[in-house]
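Visitor: Attaching a predicted model along with its sequence, questions to come.
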Amino acid sequence: MIVLGLLAATAIASLVAGQAIYTTIQNRPKNSVKIEDAIVGRLEIFGEKLVGRLPELSWSEVIQGVWPGRGFISIEAYLEGRGFEASIADPFNDPKSIADGAALFQEKCASCHGRDGRGAGHAPSLRRDSYRIGNSDFAIYKVLRDGINGTAMAPRDLSLAQRWHIISYLRTLQSAAKIVDTQAMPEISVTWRDLLDAKDHTSDWLSYSGSLDGWRHSKLDQINPGNASALKLIWAHQFEVPQGGTIAATPLVVNKTIFMSLPPNSVVALDAETGRKIWRFDYTLPNNLALCCGRTNRGLAVLGDTLFIGTLDAKLIALNAKTGEVRWQTTVADANKGYSITAAPLVAKDAVIIGISGGEFGTRGFLSAYGAQDGKLRWRFNTIPAPGEFGSETWKNDAWKTGGGPTWVTGSFDPELNLLYWGVGNPSPNYNGSLRPGDNLFTNSVIALNIDTGKLVWHFQFTPHDAHDWDSNQTPILADLTIAGTKRNVICWANRNGFYYVLDRANGEFLAGRAFVEVTWATGLDAKGRPLTTKANEVTPEGVTAKPSVAGGTNWLPPSYDPNTGTIFVHATEGKSIYTTSAPEHVVRGTNGIYVGSGSSTPQPLDNYVLGLNAATGNLIWKYASPRLPEYSSYSGVLSSAGGVVFSVADGIIFALDSKTGSELWRATLGGKAQSTPISFALNGQQVIEATAGNTMFVFGLAGVRPPQLLSETQQSAP
Ligand SMILES: O=C(O)c1cc(C(=O)O)c2c(n1)C(=O)C(=O)c1cc(C(=O)O)[nH]c1-2
Ligand SMILES: [Ca+2]
């Protein structure tokens with residue numbers, strides 16, 4: 001009777017609580033669980049308990065578990081049939097919960113496990129990637145509740161919420177830095193002013209693109225076409241990287257310290273002079289993450305002495321740059337809904353901007369800003385407008401709810417206009433446009449947002465109603481150029497769809513554009529920059545062949561810009577794919593949420609090039625065929641430098657080209673896949689080039705700083 005009363009009371013509370021139900025899972029997009037589903041889900045769970053199928057939870061736990069706003073049972077995951085264990089998750093996991101958990105840990109756990117959780121006497125260390133009793137939230141919960149039979153781990157006298165706080169804290173211990181030696185760590189202190197003037201800090205590399213305008217250009221000119229062939233290895237450092245992960249990040253360099261992110265979500269600090277490791281941070285990811293595009297990470301951002309990294313389970317984490325320890329962490333999106341983070345964050349003023357991935361998952365994309373100090377959400381811009389919002393007329397029915405529009409490549413910032421520029425990716429489902437009639441704004445667009453408010457100032461759509469996965473996730477290059485006799489502040493964009501664009505960066509006006517690879521889906525661009533499409537643009541059930549391939553004319557790997565010659569350097573891919581679509585009634589979301597509506601195949605190998613393009617027109621200046629070593633099939637973006645040399649890596653070979661002619665000056669085999677774009681900085685007065693391939697970071701210079709040495713992470717003693 002009491003049970004039935006509680007049941008009814010909870011059902012009524014659910015009805016009355018209304019809006020609160022939405023917050024059951026942190027940060028999930030609005031409207032994703034209908035109120036009716038939330039109630040049905042709760043009733044089903046009560047039903048399971050009534051028939052005795054949930055022996056591991058008491059009635060009190062079941063009721064608290066489904067409580068709107070702070071329940072630990074995800075109704076949504078449960079309704080999706082993920083099973084009970086997988087539907088249970090720490091409902092808090094926020095800075096307050098971590099702090100409460102840390103205090104409780106000292107009181108209840110430290111006497112056996114040690115004050116820092118490293119273990120003592122007979123109790124094991126809790127600073128381990130996974131626990132012997134299982135690593136799910138529910139497995140740890142049960143140990144805190146019931147203890148472990150036959151061991152000294154007795155049940156603890158804790159409230160239900162207190163158990164979750166301890167779990168929040170244990171997760172930070174699991175991810176904690178493995179400190180090697182931070183004694184000699186130099187001062188790390190990067191101001192917003194430094195980031196604005198980053199190009200003048202030639203001894204550092206302070207952000208993903210090296211500067212806020214996306215140039216990826218070093219002002220150093222010691223290496224030039226006359227001496228580049230004399231480049232020699234200074235040191236190499238072998239990282240420990242799990243099998244199957246390709247390093248894709250651009251490192252940061254601050255005061256003779258290199259910070260590198262490794263797949264899936266680790267960070268290593270190295271001494272830039274010697275390559276010796278200072279600290280390493282490993283983030284523990286949940287099992288069974290649904291990921292479309294590999295376990296990759298493109299890098300870090302820095303402000304003050306704090307580093308920022310996004311994770312594959314869609315968290316944003318702030319680390320103490322001197323020790324690798326976590327300062328704060330926040331949940332950006334629900335990884336169970338197909339969101340993840342692969343992009344490097346961007347620091348702008350005192351905020352950290354982070355984009356998300358999930359265009360292959362029927363997500364609704366967004367871009368978010370968090371306070372750098374406190375990790376609090378400042379603003380969020382949804383890349384797919386809701387009904388009634390600006391741009392919503394480009395969507396029909398409910399398609400906007402799963403419309404995609406990810407933001408997985410770092411944008412650029414113009415301090416004078418106070419505008420943030422960011423690329424938006426493909427609509428979802430990728431290959432089936434019939435389910436989402438209309439232009440589908442703001443997919444495959446660049447958006448210009450006010451940095452303080454996150455409000456849209458202008459947008460330009462490169463590929464209306466895309467059905468080829470031609471994400472517009474590229475690095476925006478902000479340049480001041482003379483176009484048709486007039487000085488203009490522009491944004492330059494070589495797009496995955498095969499066209500190069502020049503736009504006015506104050507208002508998005510289309511100024512110039514042309515194809516930079518062979519394209520068959522459009523004959524050109526009209527006066528407003530809209531593509532003039534052909535039949536090859538219509539994706540069919542039988543399959544239609546179109547150029548460029550699904551890899552695009554270029555993909556996300558960053559271009560660079562040399563202001564001395566007004567040249568854009570871009571990695572380009574020539575080739576074709578066959579694109580197919582399914583009948584609308586057969587387009588379903590896969591069990592892991594994947595939502596693509598059929599796909600593409602690429603019958604012949606693609607050809608990779610580095611192009612030099614006139615930034616104002618997109619006209620080709622030179623074309624260089626990249627090295628081929630198929631076992632390492634992969635390529636990086638491009639670095640340009642004031643000495644007139646550009647650097648890139650393809651198929652495990654680093655090469656240097658004359659910026660004016662594209663002729664090859666030097667190459668060296670690194671061996672190993674590489675998606676990490678080289679950078680340049682000065683070390684004790686010498687210009688060096690850093691490149692990473694396979695699991696190894698290499699630093700080259702014209703003269704040895706010290707005798708060449710090879711260091712691995714496990715061999716830390718001096719040679
Ligand atoms: O739509 C998306 O959200 C999304 C995300 C990502 C990613 O985050 O890496 C890729 C893609 N799409 C994609 O289409 C693609 O070709 C791709 C290549 C890579 C890579 O790391 O090399 N990522 C991604
Ligand atoms: Ca995509």
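Guide: Nice, thanks for sending it over. Ligands and ions are numbered 1, 2, ... in the order given.

Visitor: closest point of the stretch 351-500 of the chain to ligand 2, which residue?
Guide: With CB to the ion as the measure, Gly359 is the residue of the stretch 351-500 of the chain nearest to ligand 2, at 3.9 Å. For glycine as for every other residue, the C-beta is placed from the backbone atoms N, C-alpha and C.

Visitor: Thought Gly425 was touching that residue, still the case?
Guide: Yes: at 4.4 Å, Gly359 counts as touching Gly425 under the criterion of CB atoms under 8 Å.

Visitor: The residue of the stretch 351-500 of the chain closest to ligand 2: neighbour count?
Guide: The local packing of Gly359 (other CB atoms under 10 Å) involves 33 other residues.

Visitor: That one: what's it in contact with?
Guide: 292, 365, 404-406, 408, 425-428, 430, 469, 471 (CB atoms under 8 Å, 6 or more residues apart in numbering).

Visitor: what does His465 give?
Guide: 427, 433, 436-440.

Visitor: just the strands in the stretch 151-300 of the chain please.
Guide: Secondary structure of the stretch 151-300 of the chain (DSSP state E, counting those that start in this stretch): strands at 177-179, 217-218, 232-238, 252-254, 257-262, 266-271, 277-282.

Visitor: tell me the contacts of the residue of the stretch 401-550 of the chain found nearest ligand 1?
Guide: For the stretch 401-550 of the chain, the residue closest to ligand 1 is Pro406, as judged by CB to the nearest ligand atom, at 3.4 Å. With contact taken as CB under 8 Å, 6+ apart, Pro406 is in contact with 355-359, 363, 365, 383, 424-426, 471, 473.

Visitor: again, but for Pro464
Guide: Pro464 neighbours (CB under 8 Å, 6+ apart): 439-440, 444, 530-531.

Visitor: Also Asp157?
Guide: Lys108.

Visitor: Return the distance of it relative to Phe72.
Guide: 19 Å (CB to CB, to the nearest Å).

Visitor: just the helices in the stretch 601-719 of the chain please.
Guide: In the stretch 601-719 of the chain, no helices are found when defined by DSSP state H, counting those that start in this stretch.

Visitor: now the strands for it?
Guide: 607-614, 620-625, 635-641, 645-650, 653-658, 664-669, 679-683, 686-693, 696-701, 709-712.

Visitor: Put the alpha carbons of the second one into CSV.
Guide: Backbone C-alpha positions of strand 620-625 (Å, rounded to 0.1, in the frame of the first residue of the first chain) are rendered in CSV as follows:
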residue,chain,number,x,y,z
LEU,A,620,46.4,28.6,-58.4
ILE,A,621,50.0,29.7,-58.1
TRP,A,622,51.6,26.3,-57.7
LYS,A,623,50.6,22.7,-57.1
TYR,A,624,52.9,20.1,-55.3
ALA,A,625,52.1,16.4,-55.3
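
Visitor: returning to what we had before: tell me which of the strands of the stretch 151-300 of the chain sits nearest to ligand 2.
Guide: Ligand 2 lies closest to strand 257-262 among those, at 20.9 Å (CB to the ion).

Visitor: Give the partner strands of the closest one in its sheet and their orientations.
Guide: strand 252-254 (antiparallel), strand 266-271 (antiparallel) (DSSP bridges).

Visitor: so how far is that strand from its chain's centroid?
Guide: 16 Å (CA atoms, centre = their mean, to the nearest Å).

Visitor: Other residues contacting that strand?
Guide: Against strand 257-262 from outside (CB under 8 Å, 6+ apart): 185-186, 188, 239, 241, 245, 247, 249, 251-253, 267-272, 278, 297-300, 302, 307, 309, 321, 344, 690, 692, 697.

Visitor: Could you rerun that using 7 Å?
Guide: 186, 188, 239, 241, 247, 249, 251-252, 267-272, 278, 297, 299-300, 307, 309, 321, 697 (CB atoms under 7 Å, 6 or more residues apart in numbering).

Visitor: Alpha carbons of the helix or strand that contains Ile568, as CSV, please.
Guide: Assigned by DSSP states H and E, Ile568 falls within strand 567-574. The C-alpha coordinates for strand 567-574 follow below in CSV (Å, rounded to 0.1, in the frame of the first residue of the first chain):
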residue,chain,number,x,y,z
THR,A,567,49.3,33.3,-50.5
ILE,A,568,47.1,30.7,-48.9
PHE,A,569,48.6,27.2,-48.6
VAL,A,570,46.1,24.4,-48.5
HIS,A,571,46.2,20.6,-48.4
ALA,A,572,44.0,19.5,-51.4
THR,A,573,42.6,16.2,-52.4
GLU,A,574,41.5,15.3,-55.9
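
Visitor: Which elements pack onto it?
Guide: Here strand 567-574 touches strand 486-494, strand 607-614, strand 635-641, going by 3 or more CB pairs under 7 Å, 6 or more residues apart in numbering; DSSP states H and E.

Visitor: Is there proximity between it and ligand 1?
Guide: No: if you take CB under 6 Å from any ligand atom as the test, strand 567-574 misses ligand 1, and the best it gets is 11.1 Å.
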